[in-house]
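[1] quick one, fold the following:
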Amino acid sequence: MKFQKCFAKKIIVFCCIFLFSAPITYSQITSEKQIMHKINYKYGEVIKLNINEVTLVNDTFSIELTYFTHKRPYIGGATKVMTSLTISKDNEYEEIFLSEHGVEGKSKSEDGLSKAERFSSVLWKGYKFQLEKIDYNEYIEIKIFKKE
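    Numbering: from 1, shown residues only. You can find the predicted model right below:
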């Protein structure tokens with residue numbers, strides 16, 4: 001009986017220590033170490049976003065390329081590379097996705113897709129984000145348009 005009580009106490013102490021130390025161990029990057037770029041952007045120009053770098057656009061909103069993913073196509077089937085962007089404005093955060101489409105085994109000149117079919121765009125709070133280029137796991141190039 002004493003062994004069971006002692007063992008139970010040790011388990012409880014271990015769990016408490018583990019649970020309370022885990023957030024410290026696995027916390028996000030502090031703002032001091034995070035890379036942030038501030039740019040004066042002319043709407044409609046191409047902007048390069050590197051992965052895990054925050055870009056402050058015209059002191060209006062911030063945008064961060066957070067990750068890439070892709071779909072595994074069947075031979076001759078449709079391909080899709082998707083990027084995730086986290087956008088923040090006025091203490092509101094939202095995740096949007098931009099993607100590039102293609103056809104497995106065919107080059108961009110052979111697959112018959114127009115630029116509008118190949119690259120997606122997303123509307124967000126009066127802005128249009130248009131994907132222009134993807135370099136997988138490195139960066140993307142986009143254009144931002146302000147909707148009046």
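[2] for the chain, give me the ranges with low pLDDT.
    Applying pLDDT under 70 to the chain flags the ranges 1-34.
[3] make it 90
    Applying pLDDT under 90 to the chain flags residues 1-41, 59-60, 71-76, 90-91, 105-109, 111, 147-148.
[4] now do the helices in it.
    Listed in chain order, the helices of the chain (DSSP state H) span 2-25, 115-118.
[5] for the last one, packing partners?
    Which is helix 115-118. For helix 115-118, the packing partners by 3 or more CB pairs under 8 Å, 6 or more residues apart in numbering; DSSP states H and E come out as strand 92-103. Glycine gets a C-beta too; all of them are placed from N, C-alpha and C.
[6] now the strand it packs on - C-alpha only, PDB.
    C-alpha atoms of strand 92-103 as PDB (Å, rounded to 0.1, in the frame of the first residue of the first chain):
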ATOM      1  CA  GLU A  92      -6.700  40.300 -36.300                       C
ATOM      2  CA  TYR A  93      -4.800  37.300 -37.700                       C
ATOM      3  CA  GLU A  94      -6.000  35.100 -40.600                       C
ATOM      4  CA  GLU A  95      -4.400  32.400 -42.600                       C
ATOM      5  CA  ILE A  96      -4.900  32.400 -46.400                       C
ATOM      6  CA  PHE A  97      -3.700  29.900 -49.000                       C
ATOM      7  CA  LEU A  98      -2.300  30.600 -52.400                       C
ATOM      8  CA  SER A  99      -1.600  27.800 -54.900                       C
ATOM      9  CA  GLU A 100       0.100  26.900 -58.200                       C
ATOM     10  CA  HIS A 101      -1.600  24.300 -60.400                       C
ATOM     11  CA  GLY A 102      -0.100  22.200 -63.200                       C
ATOM     12  CA  VAL A 103      -0.200  18.900 -64.900                       C
END
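[7] all good on my end, thank you.
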